[in-house]
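Q: Fold the following, please.
(2 chains)
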Amino acid sequence: MTPGYGPPVMLPPTMWQRQPPIPRRPEEDVTTGVFRAHWLMVPFRVLAATLAFVALVGPILTSFGVAWVVMLTFAVVFGSLAYALPAWWYGSFGLREDHLVVHSGLLMRGSREIPLSRLQAVDVIRPLVGQVFGLAELRIELAGGDNSAVRLTYLSRDVAERMRVAVLAHAAGLPGRAPEAPEWPFYRLPFLLLLGALTFRVPVLLASIALAALATAGVMFTELGVLGALVPLTLGLLGSFWGPLARYTDYYASISSDGLRLRYGMFQRRMQTVPPGRVQAVRVVEPLLWRALGVARVEATVAGYAGARQGASAALLPVAPRRRAYALVNELFPESEVAYVPLVPGREGSRSLVGVDEHLFVTVSGLFCRSTEVVPMERVQALRLTAGPLARFTGRATVGVAVPPGPVRARAEGREVAEARRLVDEMIDLGRRARVTAAGPERWATRATMSRSDTPGEV
Amino acid sequence: MSPALAWYRRLIVGALCLSSGLAGVLLLFLWADRLWAAVWAVAALIVFVGGWILAGRFRRSWGYVEGPAELYLTYGVLIRQLVVVPYGRMQVVDTTADLLEQALGIATVRVRTAASTADTRVVGLPLMEAVALRDSLAARSETFSTGL
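A: Numbers count the residues shown, from 1 in each chain, chains lettered A, B, ... in the order given. As a prediction, the model looks like this:
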């Protein structure tokens, strides 16, 4: 895979694509013509159907004799081949101007036409098996929720990469043959930092101590009953420790004019591109022990990452030094500075802070696990001032900002009622001004003013 | 809001209290003694009276204003809420009326934004008013539109 983390030299991002750049032949141009999934998908499908048949139905059929099993297996092979081959041939896709047209299905024909200027994020995913055979999945996230993503499963990796470049160029408002936007490195996560940060968390440490204590007790008293507690503890540790470790190994974030590009994964390589203006809200999470290390995690709400994939794709920086984390937030919301937003504490006894300026709404909450949530003013979907019966008795209210579903729930609790009302009035006014100046996030390259300077020196 | 909104709530609370009260009284009468049945009946009656009073207060607590660039909603008896939705953020505006609402001649205007949690509704408007509100909101969301 990618060379190690050792040398301090920032490797050029093209190292991720190992093969040297081949001069593009006209027939390799992805902006015209019809494409389909890699032909290897046909034997894979046939193999999967056959294996499922042999594993599920085979044991029942053995009572009729081996000849029947062999015959029926052959029937399944040819039957699935007869379905998979035309399904593969007719499941095609291609670019038409700046729309992506996807045809699918054999018995139920479907075709979708996707206006690429509306896309929210583009991911290229290569599972372990896919890496062996040089296959990749191209996933285009749209704002319509869980089922609206377009998944082009298992193209040849070369086609997937070039399709991603063309799709992003169209979304930016450039011609599809435009070369990939240049990028500059933002952050490479050292493996030791990831390992240390994942270990250095209160739940993980407590679970490890409990595990060690139980194991020693089990060995000393040769008691088998501890296994009942050991198994769930080990599984939980694996889930919260091994999962993120394998997922975020070799993490590399870079910034281009097409937005943020993330590459990561040990067994499943992923490459995410989040174009500018697609991030609806951001939060910087600092668990108790991480504050001692000075590291934080950055998660974002992107309209496309809804539903089950939300938790998996929402992390923009799994572990990063605090300054890098805030640098990323400033990069995502240009023309504004989170650190300069004046924060006002709530009534004594409540730990939450809140602050607004003309670009950002910022709340800080959490006693042990501090989380700083940032919502840009022009992305606020609705404002909500809430006072429950108890809160009204004590003269408090909650100011909430509605954002699309995601990790961020920007709420400032325990404000004085009068102050909360003033805050809402101020935000109505600020939001109105922010929305007037904000250009829509579509076709970002065609806008006259690029908000970010394109010189690597300033990052 | 139309007074029919209070009647809508009262009818629902009444139907619920009546059905659960009757069923509870019957069951308790058969399996336990009369005392428990009477207690159940009194409890249902108290809930019904409470619901009746709250329905009136709930109707009076409702209010909406079409501001220059936002829609303001305020509602809630126990939990007071003020919701501000900018016109430019509205994605879908629809008017719905269930069977009881149709019988009472009222309708609900529902406004959806990209944040699916912010389910904002204007309930209990007379039908014509609801249709007019929906049309004006839809027209304004078009004028103020700024994308997602």
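Q: switch to C-alpha atoms for all contacts and neighbour counts from now on
A: Noted.
Q: Which helix or strand contains the closest residue in space to B:Ala38 that isn't next to it in sequence?
A: Leaving aside its sequence neighbours, B:Ala38 sits nearest to B:Val25 (Cα to Cα, 6 or more residues apart in numbering or on different chains; 7.3 Å). Using DSSP states H and E, B:Val25 sits within helix B:4-31.
Q: Could you do B:Trp52 as well?
A: B:Trp52 belongs to helix B:34-61 when elements are defined using DSSP H and E.
Q: Equivalent analysis for B:Thr95, please.
A: Counting by DSSP H and E, B:Thr95 is part of strand B:90-96.
Q: Can you list the strands that that strand pairs with?
A: Strand B:90-96 sits in its sheet next to strand B:106-113 (antiparallel), going by DSSP bridges.
Q: Now do the partner strand: everything it contacts.
A: Identification of contacts with strand B:106-113 by Cα atoms under 8 Å, 6 or more residues apart in numbering or on different chains yields A:381-382, B:2, B:4-5, B:89-98, B:101, B:118-127, B:130, B:133-134.
Q: Tell me the spacing between the residue in chain A positioned nearest to chain B and A:Leu128.
A: For chain A, the residue positioned closest to chain B under Cα to the nearest Cα is A:Pro404, at a distance of 3.7 Å. Distance from A:Pro404 to A:Leu128, counting by Cα to Cα, to the nearest Å: 32 Å.
Q: One more: A:Arg411?
A: A:Arg411 is 41 Å from A:Leu128, by Cα to Cα.
Q: Mind checking which of those two has more residues around it?
A: A:Arg411 (22 against 15; other Cα atoms under 10 Å in any protein chain shown).
Q: For A:Thr301, which residues are in contact?
A: A:Val279, A:Gln280, A:Ala281, A:Val282, A:Ala314, A:Pro404, A:Pro405, A:Gly406, A:Pro407, A:Val408.
Q: circling back: the residue nearest to B:Ala38 touches B:Val42, doesn't it?
A: No. Under the criterion of Cα atoms under 8 Å, B:Val25 makes no contact with B:Val42, lying 10.1 Å away.
Q: The residue nearest the centre of chain B: which element?
A: For chain B, the residue nearest the mean C-alpha position is B:Val123 (5.2 Å; Cα atoms, centre = their mean). Here B:Val123, judged by DSSP H and E, is contained in strand B:120-126.
Q: what about the closest residue to chain A within chain B, how many neighbours?
A: In chain B, the residue found nearest to chain A is B:Ala115; the distance is 3.7 Å by Cα to the nearest Cα. When neighbours are counted by other Cα under 10 Å, B:Ala115 registers 21.
Q: what's A:Cys341 sitting at in phi/psi?
A: To be clear, residue A:341 is Val; Cys isn't right here. Main-chain dihedrals, A:Val341, degrees, to the nearest 10: phi -70, psi 120.
Q: Please apply the same query to the one 10 residues further on.
A: Here the main-chain torsion angles of A:Arg351 (degrees, to the nearest 10) amount to phi -90, psi 0.
Q: Surely it is in contact with A:Ser365?
A: Yes. A:Arg351 lies in contact with A:Ser365 (Cα under 8 Å); the separation is 6.3 Å.
Q: and A:Leu383, what helix or strand is that in?
A: strand A:382-387.
Q: Please read the previous query as pertaining to A:Leu289.
A: Here A:Leu289 sits within helix A:288-293, counting by DSSP H and E.
Q: would A:Val399 count as being in a strand?
A: Yes. Counting by DSSP: H, G, I helix; E, B strand; the rest coil, A:Val399 falls inside a strand.
Q: What's the local residue count around it?
A: Neighbour count of A:Val399, defined by other Cα under 10 Å: 24.
Q: quick one: low-confidence ranges for chain B?
A: Along chain B, segments meeting pLDDT under 70 span B:116-118, B:146-148.
Q: how does it divide up, domain by domain?
A: Annotated domains of chain B cover B:4-60, B:64-143 [automatic domain parsing].
Q: cool, and chain A?
A: Chain A breaks down into these domains under automatic domain parsing: A:28-186, A:191-245, A:277-439.
Q: Please identify the deepest-packed of the ones you listed.
A: Ranked by mean neighbour count under mean count of other Cα atoms under 10 Å in any protein chain shown, these are led by domain A:277-439, which reaches a mean of 20.
Q: Would you pull up how far that one lies from the middle of the chain?
A: 19 Å (Cα atoms, centre = their mean, to the nearest Å).
Q: who's in contact with A:Gly431?
A: By Cα under 8 Å, 6+ apart, the contact list for A:Gly431 reads A:Glu358, A:Met377, A:Glu378, A:Val380.
Q: Can you tell me the element it falls in?
A: helix A:417-437.
Q: how many degrees apart are that helix and strand A:382-387 in direction?
A: Put simply, helix A:417-437 runs at 180 degrees to strand A:382-387, going by axes from the mean of the first three to the mean of the last three Cα atoms, to 10 degrees.
Q: Hmm, A:Val354 is touching A:Thr372, no?
A: No. Using Cα under 8 Å, A:Val354 is not in contact with A:Thr372; the gap is 9.6 Å.
Q: so what sits against both of these two?
A: Residues touching both A:Val354 and A:Thr372 (Cα under 8 Å, 6+ apart): A:Val362, A:Thr363, A:Val364.
Q: could you dump the residues you listed to JSON lines with secondary structure?
A: Compiled in JSON lines, those are given as follows (three-state DSSP):
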{"residue": "A:Val362", "secondary structure": "strand"}
{"residue": "A:Thr363", "secondary structure": "strand"}
{"residue": "A:Val364", "secondary structure": "strand"}
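Q: and the stretch 251-400 of chain A, which residues reach chain B?
A: Remark: the part of the stretch 251-400 of chain A in contact with chain B comprises A:Arg379, A:Gln381, A:Ala382, A:Leu383, A:Arg384, A:Leu385, A:Thr386, A:Ala387, A:Gly388, A:Pro389, using Cα under 8 Å from any Cα of the partner chain.
Q: swap the cut-off to 6 Å and go again
A: A:Gln381, A:Ala382, A:Leu383, A:Arg384, A:Leu385, A:Thr386, A:Ala387, A:Gly388, A:Pro389 (Cα under 6 Å from any Cα of the partner chain).
Q: all helices of the stretch 1-150 of chain A, in order?
A: A:41-56, A:58-61, A:66-90, A:128-133 (DSSP state H, counting those that start in this stretch).
Q: which strands and helices sit next to the longest one?
A: In terms of contacts (3 or more Cα pairs under 6 Å, 6 or more residues apart in numbering or on different chains; DSSP states H and E), helix A:66-90 is packed against helix A:41-56.
Q: and A:Ala296, what does it touch?
A: By Cα atoms under 6 Å, 6 or more residues apart in numbering or on different chains, A:Ala296 lies in contact with A:Val285, A:Glu286, A:Val319, A:Ala320, A:Arg322.
Q: Out of the residues you listed, list just those in helices.
A: Using DSSP state H, A:Arg322 are the members of these that sit in helices.
Q: In TSV: the contacts of A:Ala296, plus pLDDT and distance to A:Ala296.
A: Below are the contacts of A:Ala296 laid out as TSV (pLDDT from 0 to 100; distance: Cα to Cα, whole Å):
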residue	pLDDT	distance to A:Ala296
A:Val285	93	6
A:Glu286	92	5
A:Val319	92	6
A:Ala320	93	6
A:Arg322	92	5
